[in-house]
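[1] Kindly return the folded structure for what I paste below:
(chains A and B)
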Amino acid sequence: MVKDNHSHSAEHVLNLRLRVWRQRRGQPGAFEEHALQGVSTSASFLEMMDMLNEKLVRDGKEPFAFDHDCREGICGMCSMTINGMPHGPLPGVTTCQLHMRNFRDGETITVEPWRARAFPVLRDLMVDRSGFDKVIQSGGFISIRAGSAPEANATPVPKDVSDAAMDAAECIGCGACVASCKNGSAMLFVGAKVTHLNLLPQGQPERDRRVLAMVRTMDDAGFGNCTNQGECQAHCPKGITLDVISHLNRDYLGARVKAFFSSTGKVRRGGD
Amino acid sequence: MNLDSKIASGPLSTKWDAHKAKLRLVNPANRRKYHIIVVGSGLAGAAAASSLGEQGYDVSCFCYQDSPRRAHSIAAQGGINAAKNYQNDGDSVRRLFQDTIKGGDYRAREANVYRLAQLSTAIIDQCVAQGVPFAREYGGLLANRSFGGAQVSRTFYARGQTGQQLLLGAYSSLSRQIGAGTVKMYPRHEMLDLVLVGGHAKGIVTRNLVTGEVRTWSADCVVLCTGGYGNVFYLSTNAQGCNVSATYRSYRRGALFANPCYTQIHPTCIPVHGDDQSKLTLMSESLRNDGRVWVPKNTADSGKDPAQVAETDRDYFLERKYPSYGNLAPRDIASRAAKEACDEGRGVGPEVGGRRLGVYLDFSASIQRLGESVVRERYGNLFDMYENITGENAYRRPMRIYPAVHYTMGGLWVDYNLQSNIPGLFVGGEANFSDHGANRLGASALMQGLADGYFVLPYTVADYLAGVGLSGRPSVEGVEYRDVLAQVNDRVNRLLKNQGKQTARSYHKQLGKIIWDECGMARTRAGLTKAISDIRGLREDFWKNISVPGTGLDVTPELERAGRVADFLEFGELMCRDALIREESCGGHFRTEYQVDGEAKRDDARFAHVAAWQWAGETAEPIRHEEALVYEEAQLSTRSYK
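    As a prediction, this is how the structure comes out:
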C-alpha cells in the first residue's frame, strides 16, 4: 500500500455501486448492478473496471467487454458514457485518463456504451465505429505515393497555419462527439480532418473533392446533421472546437458552388 | 544453420543502391495477382500495406484494434530523427549512423543502420507531403529539437504527439488504398498462427474478435509488423493489447528469434503507485531538454518536500556523472543511474512496498529562464497528463519519474531484405531485431518503422514475389492450412474448457514480477537461473488453473488475454535464457557480474554477434545460432557519454 507523505496527493479507498450496461450483438441490453469495494483513488477508471472484471472472472462469470488500448489518452479506443457523459465528468480527458479521485465514496456510477445510430453495440460497452474509417477512406488523405514527395522544406508553411492544422489534427477519432450529440452527428470529427488537410498547402489540390466525398460518406454512414448545440465541443477530450465545423461548412459550400458552375455543368467524380 | 545477412559488398554508403539494383521486379500488370498479408497497422504495417497497395498488389491488412488508426505507434511522443542537417550543426547521414550504432552499443548490424540513416531524410519528405503538421519556425520551415545520445539537433516533432501524427499520416495513405480497393482491411482480427507450405510462409490463422470465427488465409507472402514484446513485464508503457503472439507463434514454426534479452527501460515514466495498476505512462524524453534530474544527496532528505531540500543538498546525478551529455544521456544509462540512486535509498516520492522508487525531473530552472508560458507551449500536454495521473502540478513541484519498460530491440531475425530465415516471411518495425542493437536511441523507432514500411519492404517483397512467380500461392483448402487450423482450435478449446479458478491477469502479473526482478535493469546468473525455473512452474500452474469464462463464439476478452499470456509464459523463459548466456553487459542488457566502474563492460571477443534462437520442440531446449557482427567502417569503442 502507498504510505502518504507531505504534499503528495492523498490516496483513499472508495466503495462503489456500479450500474453497467450488458448487451449481446443484435439483442436488447440492460443494466447490471455490482458492488465494488476497495477502489484506490489513484486508480484510473479503466483500472476500476479491471477490478470489477477480475472479480467477475473469479466468480466464473463473464466480464464486461469494453474497448481500450493505449491507456494514455491518445489511441481513441476507450469509449464509455459515464453518468451520462461521454468519457465521464472531467473535461478534456478520455476515459482511460479519468482517475477515481474524481468520484466520491459510496457513489453510484452508471456506465454505458456510446449511444448513436451509426455506432451499433457489438457487446456490452463496445461499439462499431467503422463509419469513421469509411469517412476517412473516401477523402481524408492527401494523395501522395511513397517515394514521390518533394523536399520537405521546399514549401514553407506559416507557423500559424501549421499550428491551426495541428489543433485540428489532434482529433483521436474516439467518437465522443457523436455520442454526445442528440443528432448523432459526426461533423466535429469530419470537420477536424477537413480543416487539418484543407488548411495546408499540400492539401489544396484535393480540397474540393475531399470535402464533398467526406460529407457524402458521412451522411451515408448514418450520422446526423449539426444543429449547433455544442455538446461535441464540450465533450471532446482533445479540445477540438466548433470552428472546424464552420470550416467544413465553408469549404463544403464553396465546393458545391464551384461544382455547380463548373464548365461542363457536371459534378466531378468524387463530388456528389 | 547458415545465417546469411545478404549484405552487398562495397562501401557502406553505396550498399543499399547496389543491393536495390539487383532486386527483381514484378510487372505492374501482374502485381494484382499476388496476395500479400500484412499483420499489424502501426507505422511499419500501415506504411508497408499502403505502399504495396499503391504499387498495385492485392494486400490484406489485419489488426486487433477496432481501427488501424489505433496501433500503438500512436503513443510515441517526442519525435523522429532525420539527417536533414537543417540546423547547420554538423549533422549528416554518417553522423546519424554513428550515433545510432554507438547508441546500440555496437550490437546492431552496420549495413542496416547505415541504410536507416540514409532513408531518414526521405521519411520527413514523405510525411510533410502527407500533411503531417510538424512543428515549424516563424519562417515557415521545419523546426528541430534535441534528443538523447546525440550532440546535434535532428529530431522532428509535432508537439508531444509525433507518433500520433505520423501514424495518422500512414493511416491516411492506408485508408486511401482501402478506398481504392487495393488493400482490404480486417480490424478486430488477431493472428494466432503462421502457415508454412513447402517451407515458405504462405498464410496465417486469425480469430475474429467480434464473432469468434477462427479461419485460415492463404497468400503469396506474409509481412509481420506486430510490434514488440514489452508487455512480458506486465507493467510497461505499451498498450494493453500489445503482445508477442504473432512473432512467438512464427518462432514456433521455425523463424529465429534474435536477441530477446535486449529490452529498453525508459528513464522517464510516472512511478508505480499501487497493486491494481495496469500500465505505466511515459513522460517524453524531450522533457530532458529542459528538465534536470536529481535526488537528494542524503538519504535523510528523501522523504522531504523537494522545496525543503537545499540546492547544495541536491545531486544532479546525470550532470555529475556524464557532463558532456548531462540530462540527455541515452536511455539505458539514465535508467541505470536512476535505479542506483534509488537502491542507495535516495529515491523520492511516496513509499510503495517500503521503498521510494522515484527521482525528480525538475523544470524550475527552465521556468525561471524561459517563463512558464514557453514551457507550457513545449510540454503542456505532458504536464496535463502528469497531473491527471498523479494529481500533482509539475509547474509548481518537480515531476517524479522512474524507469519503465518501453521498447524491445530484440525480435525475429531478418536479413538485409527484412526477410526472416523462413522464405516469404518478412518482419518490419519493432517486431524485427536489426537496427537498434542493445539499446535504441530516442526518436529512432518511428524512423525505423517508416523506413521499413515505405522504403525497404516495397522493394524486397517484390524481389521475393518475382522469385517464386505466379504459381506460388497454394489453395487455402490444403492440408497444411487444415493442420494449423486444427492445432489453433485445439488450443482455443483447451483454454475455454479448463476448469480453473485463476484469471489470466493474475498470471501475467506474476510473470511480470519475475521478469522485472530478474531480467530487468540488472541481471545476474543466479537470478536468471531461478527465473527460468520459476517461469516453468508458473506455466504449469497456468494450464492447470486458468479460468476463461465465455463460449469463444462472441467477444471474449478473457480468451484473448489468456492466449497472449500463455505465449508470454513461454517467451519469458527464452528471454531469460538469452540473458543468461550473454555473459557481458551491453546497452539495456546489464549483467552485474560484467561492469567497470558501474558502466557496462562489453565482451567483443566473445559476444560481438547476434544470438538467434531456434525452437526445438515442447520439451527440448532451444538452439542458439550466432550471426557474427562484422564492422567494416564503424570503430568498436567503449561507449562513453562522460
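
[2] Now the element after the helix or strand of chain B with the lowest mean pLDDT, going C-ward?
    Here the helix or strand of chain B ranked lowest by mean pLDDT, DSSP states H and E is strand B:351-352, holding a mean of 87. Elements were assigned by DSSP states H and E; along the chain past strand B:351-352, the next helix or strand is strand B:359-362.

[3] So which residues make contact with that next one?
    Strand B:359-362 has contacts (C-beta atoms under 8 Å, 6 or more residues apart in numbering or on different chains) with B:268, B:283, B:287-288, B:291-295, B:306, B:338, B:341-342, B:347-348, B:398-402. Just so you know, the C-beta spots here come from the backbone N, C-alpha and C atoms, and that holds for glycine as well.

[4] Quick check: bridge partners of B:Ile204?
    Note on B:Ile204: beta-bridge partners by DSSP bridges are B:Leu194, B:Trp217.

[5] what's it in contact with, if anything?
    With contacts defined as C-beta under 8 Å, 6+ apart, the neighbours of B:Ile204 are B:Ile37, B:Val39, B:Phe62, B:Met191, B:Asp193, B:Leu194, B:Val195, B:Thr216, B:Trp217, B:Ala219, B:Val222.

[6] So what pairs up with the last one in the strands?
    The bridge-partner assignment for B:Val222, based on DSSP bridges, gives B:Ile37, B:Leu425.

[7] Do I have it right that it meets B:Ile37?
    Yes - applying C-beta atoms under 8 Å, one finds B:Val222 in contact with B:Ile37, separated by 4.8 Å.

[8] Pull up the overlap in contacts between these two.
    Listed contacts common to B:Val222 and B:Ile37 are B:Gly203, B:Ile204; contacts here mean C-beta under 8 Å, 6+ apart.

[9] Relative to B:Gly169, how far out is the residue in the stretch 251-400 of chain B positioned nearest to chain A?
    Across the stretch 251-400 of chain B, no residue is closer to chain A than B:Gly391, which sits at 3.2 Å (C-beta to the nearest C-beta). Going from B:Gly391 to B:Gly169 by C-beta to C-beta, to the nearest Å gives 35 Å.

[10] so how far is the least confident helix or strand of chain B off the chain centroid?
    If you compare the mean C-alpha spot of strand B:351-352 with that of the full chain, they lie 29 Å apart, counting by C-alpha atoms, centre = their mean, to the nearest Å.

[11] thinking again about what came up before, neighbour count: B:Gly391 and B:Gly169, which is higher?
    Neighbours of B:Gly391 and B:Gly169, each counted by other C-beta atoms under 10 Å in any protein chain shown, are more numerous for B:Gly169; the result is 28 against 16.

[12] any idea how far the more buried one is from B:Val132?
    Relative to B:Val132, B:Gly169 is positioned 5 Å away (C-beta to C-beta).

[13] how many neighbours does residue 242 have?
    Picked chain A for this. When neighbours are defined as other C-beta under 10 Å, A:Leu242 has 17 of them.

[14] oops, I was thinking of chain B
    Counted with other C-beta under 10 Å, residues neighbouring B:Cys242 total 24.

[15] Repeat that for A:Arg58.
    The burial metric for A:Arg58, expressed as a neighbour count using other C-beta under 10 Å, is 14.
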